[in-house]
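**Q** Pasting the sequence and the predicted model now:
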Amino acid sequence: MEANLSEQTKDSTVRRSKRKKGRRQPWILHFMVLPAAIMVFIFSYIPMSGIVMAFQDYKPALGFAESPWVGLKHFQYMWENDYFLKITGNTLFFACTKIIMNLIVPFVFALLLNEVRKMALKRSIQTLVYLPHFLSWVTLSGILIDMLAQTGLINQFIVYLFGTKPIFFLGDGNWFRFTVIVSDVWKEFGFNTIIFLAALSGINPALYEAAEVDGATRWKQTLHITMPSLVPITIVIATLALGNVLNANFDQIFNLYSPLIYQQGDIIDTFVYREGLLSGQFSFATAVNLFKSVISLILIAVSYRLAYRFAGYRIF
Amino acid sequence: MYHKTLSYRIFSICNNIFLTVVSIACLLPLLHLLMVSLSSTAPANAGLVTFWPIGFTFEAYAKTFDNANFLASLWVSVERTVLGTALALVVNTTAAYALSKETQVFRARNVYLWYFVVTMLFSGGLIPGYILVLKLGLMNTLWALILPGLVAVFNIILLLNFFRGVPKDLEEAAFIDGAGHLRTFFSIYLPLSLPVIATVSLFMMVGHWNSYFDGIIYIRDTEKLPLASFMQTIIVQADMSKLDPEAVANLSQRTIRASQIFISALPILLVYPFLQRYFVTGIVVGAVKE
């Protein structure tokens, strides 16, 4: 008995020391993170230090050290610039409309899809509606430019149906806004449905059974069980979207817009690209970008704080 | 039973029809594009083609594959997708493994995690990034398309959340048998995480294939442009200055344009069935946690 016991202790000490082997070598863990850490340092942290050029008149020939410091000149110029206010307005308009539409449409679509009882049909619908999310805006704008042209498919249809003149979808400011919103919702609503469907599948079936016993119609069940169950995830999505109110989707606008509709279609990101890389106003473009990044950072911090407080959401 | 009532049945039929129409609407633009690309030049230019080819021909595809610029770009895209995804997988999975360890095991974990997450929240922006690539001498090379986006913090988080779900007992057993972290990672974590790794790599591949902006700002020679950037220049910017005259004449044809767009979207359509099988799990793992 005693021998047995001592053997057991011996065995467990051996085991403990062996078990530690994995734990005793954290240097391997450091080594495993290192490649990613170095890449992030080079391609994320070094560019961050390049932000100083927003306070300089950066000349590529002089470099960061020699370029003259100008303080807040570029920010002042930005604020006094009517065009900057205009594109900030455009950015907010596009981003907010998209956020709201991309919440409502997927929500309703998920509720409707939840009522489809034939699994084969449900799966086919899902397969089709997720697809546009994976196509790039280059592909889609190629298609849209073709379909929305004066003689394109859509205008042929409109002329045939209503007998009106063809609509200048990408050349008229208001129609451009309309096209941008509709095409964005068309591309993303299916994909955004996924998260609601996941939440729907998590609802306890016993709730529906109980409601059924009490004689609730399907509409009543939707109203009192399904929709309240989706509230937490909706709050999380809406709160996290707050960090995106200055992101109007560069890829989409950049591939659809033209100088014709800058007044209603130009956004901060496209402006930064044109000012910075096309006109060579490195410092001014960086200042505009910095302004946007700082506001976004504050909003993201606030949104994560709120999402954590209201719904206990954490990303890791 | 609600689904036996008359009103619910009527609703159900209308609902099914409505959803079917909506989902077909997601496919119609692509279908139209395909039909235009398969039609003869004259009816296509006259705008007669809707959802069926008129004067069926593969001529547009033949001309597209005759275009040296197009083929060169196609190859660049393949290169960047394969190389970029492979490198990114190695770098991101190893980092995710280390970061999935508890703080007691890997004390610096939280420091690293914040080090990575900060880059998700804040970035230097377009111009400093551009100047960096310029100064590193990566301009006009394939590396400019691969290295800047190599570490995707979102993917690391997705992977590390999955790694954390792997039962701890397996790892303990491996350690008892004398395996170190590297061995545990390769022999236990990787094989168990194939679904999420498939998800992440498909996302990376789609990302590389669709990415056009880096090509536009970092690549100067037409023959080094990836396909997405090449398509962007000729179709969206309508900038033909980089092409030879014959290619320009071809491009003015609607059918050839359509065939090029379709071919550039084809790899996405081909991997889509696999993508779809995995991404739902991936998204749910990443977003809705218990």
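**A** Looks like it came in fine.
**Q** list the buried ones in the helix or strand hosting residue A:47?
**A** Under DSSP states H and E, the secondary-structure element containing residue A:47 is helix A:46-49. Residues A:46, A:47, A:48 are the ones in helix A:46-49 that count as buried (16 or more other Cβ atoms under 10 Å in any protein chain shown). To be clear about C-beta, it is placed using only N, CA and C from the backbone, and glycine gets the same treatment.
**Q** what do you get for stretch A:213-222?
**A** Buried residues in stretch A:213-222, counted by 16+ other Cβ under 10 Å: A:216, A:218, A:221.
**Q** before we move on, what about stretch A:166-178?
**A** Using 16+ other Cβ under 10 Å as the burial criterion, the residues of stretch A:166-178 that qualify are A:167, A:168, A:169, A:170, A:175, A:176, A:177.
**Q** What distance do you get for the second one to chain B?
**A** Put plainly, it is residue A:168. For residue A:168, the distance to chain B (Cβ to the nearest Cβ, to the nearest Å) stands at 16 Å.
**Q** just the last one next, same as before
**A** Using Cβ to the nearest Cβ, one obtains 19 Å as the distance from residue A:177 to chain B.
**Q** Quick check: that residue is in a helix.
**A** Yes: secondary structure of residue A:177, determined by DSSP: H, G, I helix; E, B strand; the rest coil: located in a helix.
**Q** Could you export the buried residues of helix A:46-49 as CSV, including distance to residue B:36?
**A** Listed next are the buried residues of helix A:46-49 as CSV, based on distance: Cβ to Cβ, whole Å:
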residue, distance to residue B:36
A:46, 46
A:47, 42
A:48, 46
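**Q** and the residues you listed near chain B, which?
**A** Of the entries in these, those that also sit close to chain B under the rule Cβ under 8 Å from any Cβ of the partner chain are A:46, A:47, A:48.
**Q** Name the single longest helix found in chain B.
**A** When chain B is parsed with DSSP state H, its longest helix is helix B:254-287.
**Q** Please state the offset of that one from the chain centre?
**A** Average the C-alpha atoms of helix B:254-287, do the same for its chain, and the two points are 8 Å apart (Cα atoms, centre = their mean, to the nearest Å).
**Q** Kindly report the same for stretch A:264-283.
**A** For stretch A:264-283, the distance between its averaged C-alpha position and the chain's averaged C-alpha position is 21 Å (Cα atoms, centre = their mean).
**Q** and it, how far apart are its ends?
**A** With Cα to Cα, to the nearest Å as the measure, the first residue of stretch A:264-283 is 25 Å from its last.
**Q** Go through that stretch and flag the buried ones.
**A** In stretch A:264-283, counting by 16+ other Cβ under 10 Å, buried: A:264-277, A:281-283.
**Q** quick one: which of these sit in strands?
**A** Counted as lying in strands by DSSP state E, out of the buried residues of stretch A:264-283, is not a single one.
**Q** From residue A:254, how far out is the residue positioned nearest the centre of chain B?
**A** If you average the C-alpha coordinates of chain B and look for the closest C-alpha using Cα atoms, centre = their mean, you land on residue B:206, 1.4 Å from that point. Taken as Cβ to Cβ, to the nearest Å, the spacing of residue B:206 relative to residue A:254 amounts to 19 Å.
**Q** just residue A:150 next, same as before
**A** Computed as Cβ to Cβ, the residue A:150 to residue A:254 distance reads 22 Å.
**Q** likewise residue B:17?
**A** Using Cβ to Cβ, one gets 37 Å for the distance from residue B:17 to residue A:254.
**Q** Let me know how buried residue B:13 is, in neighbour terms.
**A** Using other Cβ atoms under 10 Å in any protein chain shown, residue B:13 has 10 neighbouring residues.
**Q** What is the subsequent helix or strand relative to the helix or strand hosting it?
**A** Taking DSSP H and E as the definition, residue B:13 sits inside helix B:6-25. Where DSSP H and E defines the elements, the next helix or strand beyond helix B:6-25 is helix B:28-37.
**Q** Check which helices and strands that next one sits against.
**A** helix A:137-147, helix B:254-287 (3 or more Cβ pairs under 8 Å, 6 or more residues apart in numbering or on different chains; DSSP states H and E).
**Q** how about the residue nearest in space to the middle of chain A, what does it touch?
**A** Nearest to the geometric centre of chain A sits residue A:244, at 6.7 Å (Cα atoms, centre = their mean). Contacts were defined as Cβ atoms under 8 Å, 6 or more residues apart in numbering or on different chains; by that measure residue A:244 touches A:95, A:99, A:296.
**Q** sorry, back to before: neighbour-wise, which of residue A:150 and residue A:254 wins?
**A** Neighbour count, other Cβ under 10 Å: between residue A:150 and residue A:254, residue A:254 has more, with 22 against 14.
**Q** Excluding sequence neighbours, find me the nearest residue to the more buried one.
**A** Distances taken as Cβ to Cβ, 6 or more residues apart in numbering or on different chains place residue A:270 nearest to residue A:254, at 5.5 Å, with adjacent residues excluded.
**Q** Going by secondary structure, the nearest residue to residue A:166 once chain neighbours are set aside is in what exactly?
**A** Nearest residue to residue A:166, sequence neighbours excluded (Cβ to Cβ, 6+ apart): residue A:155, at 3.8 Å. If you go by DSSP H and E, residue A:155 is part of helix A:153-162.
**Q** now the angle from that helix to helix B:28-37?
**A** The directions of helix A:153-162 and helix B:28-37 differ by 100 degrees, with axes from the mean of the first three to the mean of the last three Cα atoms, to 10 degrees as the criterion.
**Q** Make sure residue A:232 is actually in contact with residue A:311.
**A** Yes: Residue A:232 sits in contact with residue A:311 when judged by Cβ atoms under 8 Å, with a separation of 5.0 Å.
**Q** returning to that earlier point: identify the residues contacting the residue nearest to the centre of chain B.
**A** Residues counted as contacts of residue B:206 (Cβ under 8 Å, 6+ apart) are A:134, B:268, B:271, B:275.
**Q** and the helix or strand where residue A:287 lies, what's its mean pLDDT?
**A** Residue A:287 belongs to helix A:282-311 when assigned by DSSP H and E. The average of the pLDDT scores along helix A:282-311 is 89.
**Q** Can you point out the buried residues in it?
**A** A:282-293, A:296, A:299-300, A:303-304, A:306-307, A:311.
**Q** Correct me if wrong: residue B:180 contacts residue A:26.
**A** No: Residue B:180 lies out of contact with residue A:26 (Cβ under 8 Å); the separation is 11.2 Å.
**Q** closest to residue B:130 out of the helices and strands packed on helix B:28-37?
**A** helix A:137-147 (20.0 Å; Cβ to Cβ).
**Q** Could you check the closest one against chain B for contacts?
**A** Yes: on the criterion Cβ under 8 Å from any Cβ, helix A:137-147 is in touch with chain B at A:138, A:139, A:140, A:141, A:142, A:143, A:144, A:145, A:146, A:147.
**Q** The residue nearest to residue A:166 - how many residues pack around it?
**A** 20.
**Q** just the one 3 residues further on next, same as before
**A** By the other Cβ under 10 Å criterion, the neighbourhood of residue A:158 contains 16 residues.
**Q** residues touching it, list them.
**A** For residue A:158, the contact set (Cβ under 8 Å, 6+ apart) comprises A:164, A:166, A:167.
**Q** Closest one of the residues you listed to residue B:83?
**A** Comparing those against residue B:83 with Cβ to Cβ picks out residue A:167 as the nearest, at 44.3 Å.
**Q** any idea how far chain B is from that closest one?
**A** 15 Å.
**Q** Confirm residue A:164 sits in a strand?
**A** No: residue state for residue A:164 (three-state DSSP) corresponds to coil; a strand is not indicated.
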